[in-house]
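K.L.:
pasting the structure only:
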């Protein structure tokens, strides 16, 4: 009996353990489902609490078993999109974002600890505007977070990262304020973190297929294959961050090196002490950074000679000071040889150094290229430069000496397939002196002499549509200017001839002053279709991509602010987009961030054209175009086919044939793809034609049906003179006379919107003979009956009846109406009606009856007119109210942005009383200027609204 009891106890224990294990397994499977929605809502709530950006998420998943003992959150299709200045700009787009969480922190629900993150195929687009605003600055200020979440300002997530990874990411960084850009493509990055209080030991491994770095318009790294293996100690407190490099190696193509030292970000300044270590670097490794060598036979290339490369940066960087540096590179008696080529490049010597001791006086920075020489296949290159006092009175000593037969290049280095060179390049330029000598025009104190020439060059490349042939290109140098003495060149069918002068090339090179020049350019044929043919890819994309899906670059093409050029052009024949244009003459001016054409004359589209205009990019975000033309006897169909704006603003042109003359001027803001911003477009002009034939215009076809008059469409109109204007998104045509033939004339006026809405009124005189016989007979019968009354006399219908036709709706689906019936009734009952010697009351009664009938018809007509007037005014009032509301909304946005900027200044000032006072004064100025701008916007909106109402009143008065 005792043994049975023992077995019974053990059985119960094992059964209990089995049940517990089963429940634990069930719990492990079920827990993710219990917490999934809670964590998703928490994540989105956290994002909304702290971010000034739109967050989109396709899907959310939570796993436990595969990542045990951690819990894993996966966010699919995660996007962060900017607001306000970066509206619609994607900052981040990640296919899959995975975060690994501490299991017990999730169960407790107090603080969710994030221990690892992984990003799969992230696309990161960082942008910094010229005013310093950045699209990554999406964190709400603490004051805003506290105000929006008074009960809970602390985050529920705590980041205790132990591992991180990026798989196949693309990162693009564009900094317009710093004139800097960087692109990292196909980035793979992984690492782990050891946490010890405020210190983090980070080990990172990364590689990317392409790294490009551009500063001030120069590519310092171009599509470089990059690898990094970095060990770093990160010490972070509330006030400082310090990064100390422990072990690291980086590879740029074949160049291997490492950095030793630290970089610290402190309150108001940065401190650094970094040294470049290149103990194993060879001359061939350095050449791998030059695309011309790395992309053509680099592996088989043999090199010789010595390379010494040393660099360090040390000191303080703040608003005033720069750290010191010393960068030194020496190449001695180096050579480059390719085994399959007959000759090599020998006697390569480079001695380059730049130094700065550090501090605020950048005038002490030095740059020396003491030697740069090379010889190959009987050719020689020799250059040197010394630069001092760059900030105050720059001193330069430089020489560039070259004697190169371009045809020998393929003997010393492999060229791309289809690439070839011919020609002779020579240079013997020498410069020495101080900039102050140029400023005071003491040219005898500054040495600048020599020339640069290129003769009989022929260059072919698969990247160019045509071979480039330069018969002669010659520059000569003096202290005063650089002269383009001659340019004779061809490319395909086109020829180029130019000469000119650059007046202040030294001021541009040494002091970054505007580069001034004037040039004369001529060509007997300039075939742009031949020089820039549309690619097959672009043609295919255009055919296959619906209009609604077409995209365009959001980068505005800016006119440089440091260029002042005048080009006088004379082109005998210009071919552009299939158009043949003859006798092109005029001036092109680049100045003050504007590109202008002045009195540009040409023969095109069967007539003469004179163009004037300015492309203004002084507002970098919103370029502006002012444009005017004078056309003489141009073919309407050719004009419509070649200029989209003509069909947009005057859609009837599509159905017209003939020659027109026109004067036109317009002003508009431009989108990034150079299309007009039609909401800002204003214009006015006139057009004249001696004869124009219109056929297939739906509005005229429908007017034939409404009036029951044939041959209104497919008509030739003669001696048409019209004036028009564009404002508030509409083209408004002032009243002009139109002769339809058959004795029909009309005064036409109305509007066409940019959305192709039309609203036209035609006040016509129509011969009685053209009016439907049944309508005329009914009116004449009524008159005859009235004339039977003794003593009552009414005249017959006049030879021409005044009829009003209205054309509205869309240009592609016009709606036409007329008052033909009302006009007949009015003319039949009230034209010179007379009463002669009414002798008795019965005759008077008949007369009263007739007059009552006539008055009723008039009342019905007046009622219809009143209804139309009310309809017009109601629509105008709705439009005006919308304009005022949009103006107020824009003004309020300006005020809100100023308040936001002012608050940001106060937040950044912290508790420092001086900074707080400065921030307060600056913020008040921002608010004051914003209020002035806001009031201006509201006034402009009110003026536009008032004009809409005034125009509507004019239409009402005309009815």
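P.N.:
All right, it came through fine. Predicted model, so just to flag it, every value in this text is computed and none were measured.

K.L.:
mean confidence score for stretch 607-624?
P.N.:
Averaging pLDDT along stretch 607-624 gives 88.

K.L.:
For it, which residues meet the burial criterion?
P.N.:
Neighbour-count burial for stretch 607-624, counted by 16 or more other C-beta atoms under 10 Å, picks out 607-609, 611-617, 623-624. The C-beta positions use only the backbone N, C-alpha and C, and glycine is treated the same way.

K.L.:
First-to-last residue distance for that stretch?
P.N.:
Using C-alpha to C-alpha, to the nearest Å, one end of stretch 607-624 lies 28 Å from the other.

K.L.:
Name the helix or strand of this protein that has the lowest mean pLDDT.
P.N.:
strand 834-835 (a mean of 36; mean pLDDT, DSSP states H and E).

K.L.:
Residue 567 bridge partners, please.
P.N.:
Going by DSSP bridges, residue 567 is paired in beta bridges with residue 519, residue 588.

K.L.:
Let me know whether residue 407 touches residue 415 as I believe.
P.N.:
No - with contacts counted by C-beta atoms under 8 Å, residue 407 stays clear of residue 415, the gap being 11.5 Å.

K.L.:
Mutual contacts of these two, please.
P.N.:
residue 421 (C-beta atoms under 8 Å, 6 or more residues apart in numbering).

K.L.:
Look up the closest residue to residue 631, ignoring the ones flanking it.
P.N.:
Nearest residue to residue 631, sequence neighbours excluded (C-beta to C-beta, 6 or more residues apart in numbering): residue 662, at 4.6 Å.

K.L.:
what's the host helix or strand of residue 78 packed up against?
P.N.:
Residue 78 is part of strand 70-81, with elements assigned from DSSP states H and E. Counting contacts by 3 or more C-beta pairs under 8 Å, 6 or more residues apart in numbering; DSSP states H and E, strand 70-81 is packed against helix 2-50, strand 54-56, strand 59-63, strand 90-102, helix 103-108.

K.L.:
which secondary structure elements does the helix or strand hosting residue 166 contact?
P.N.:
In the assignment (DSSP H and E), residue 166 maps to strand 157-175. Secondary-structure packing of strand 157-175 (3+ C-beta pairs under 8 Å, 6+ apart): strand 112-128, strand 180-196.

K.L.:
Each with direction, which strands does that strand pair with?
P.N.:
Looking at strand 157-175 with DSSP bridges, its partner strands are strand 112-128 (parallel), strand 180-196 (antiparallel).

K.L.:
so of the ones you listed, which one's packed in deepest?
P.N.:
Sort those by mean neighbour count, taking mean count of other C-beta atoms under 10 Å, and strand 112-128 sits at the top with a mean of 18.

K.L.:
Give me the buried positions along the helix or strand hosting residue 661.
P.N.:
Taking DSSP H and E as the definition, residue 661 sits inside strand 656-669. By 16+ other C-beta under 10 Å, the buried positions in strand 656-669 come out as 656, 658-664, 666-669.

K.L.:
before we move on, what about stretch 418-426?
P.N.:
Residues 419, 421-423, 425 are the ones in stretch 418-426 that count as buried (16+ other C-beta under 10 Å).

K.L.:
Tell me the spacing between residue 606 and residue 898.
P.N.:
Using C-beta to C-beta, to the nearest Å, we find residue 606 at a distance of 54 Å from residue 898.

K.L.:
and what of residue 240?
P.N.:
Taking C-beta to C-beta as the measure, residue 240 falls 32 Å from residue 898.

K.L.:
more crowded one of the two?
P.N.:
Remark: of residue 240 and residue 898, residue 898 carries more neighbours, 21 against 13, as counted by other C-beta atoms under 10 Å.

K.L.:
Surely residue 375 touches residue 343?
P.N.:
No - assessed by C-beta under 8 Å, residue 375 is found out of contact with residue 343, at 10.2 Å.

K.L.:
State the pLDDT value of the residue nearest to residue 270 when sequence neighbours are not counted.
P.N.:
Leaving aside its chain neighbours, residue 270 sits nearest to residue 317 (4.6 Å; criterion: C-beta to C-beta, 6+ apart). Among the per-residue scores, residue 317 shows a pLDDT of 90.

K.L.:
Over to residue 480?
P.N.:
Reported pLDDT for residue 480: 87.

K.L.:
what do you get for the one 10 residues further on?
P.N.:
Listed pLDDT for residue 490 reads 94.

K.L.:
what sits against it?
P.N.:
Per C-beta under 8 Å, 6+ apart, neighbours of residue 490: 468-469, 471, 496.

K.L.:
ok, now with 7 Å
P.N.:
residue 469 (C-beta atoms under 7 Å, 6 or more residues apart in numbering).

K.L.:
give me the element it is part of.
P.N.:
In this assignment (DSSP H and E), residue 490 forms part of strand 482-491.

K.L.:
Strand partners (parallel or antiparallel) of that strand?
P.N.:
By DSSP bridges, strand 482-491 pairs with strand 468-477 (antiparallel), strand 494-502 (antiparallel).

K.L.:
what's the next secondary structure element after the last one?
P.N.:
Under the assignment DSSP H and E, the closest C-terminal helix or strand after strand 494-502 is helix 505-511.

K.L.:
Quick one: distance of that next one to the chain centre.
P.N.:
In this view, helix 505-511 has its centroid 31 Å away from the chain centroid, taken as C-alpha atoms, centre = their mean, to the nearest Å.

K.L.:
which other residues reach it?
P.N.:
Contacting residues not belonging to helix 505-511 are listed as 394, 396, 435, 438, 482, 513, 515, 562 [C-beta under 7 Å, 6+ apart].

K.L.:
And the pLDDT for residue 789?
P.N.:
Per-residue pLDDT puts residue 789 at 63.

K.L.:
same check, this time on residue 581
P.N.:
In this prediction, residue 581 carries a pLDDT score of 86.

K.L.:
burial measure for residue 674, as a count.
P.N.:
Number of residues near residue 674 (other C-beta under 10 Å) recorded here: 12.
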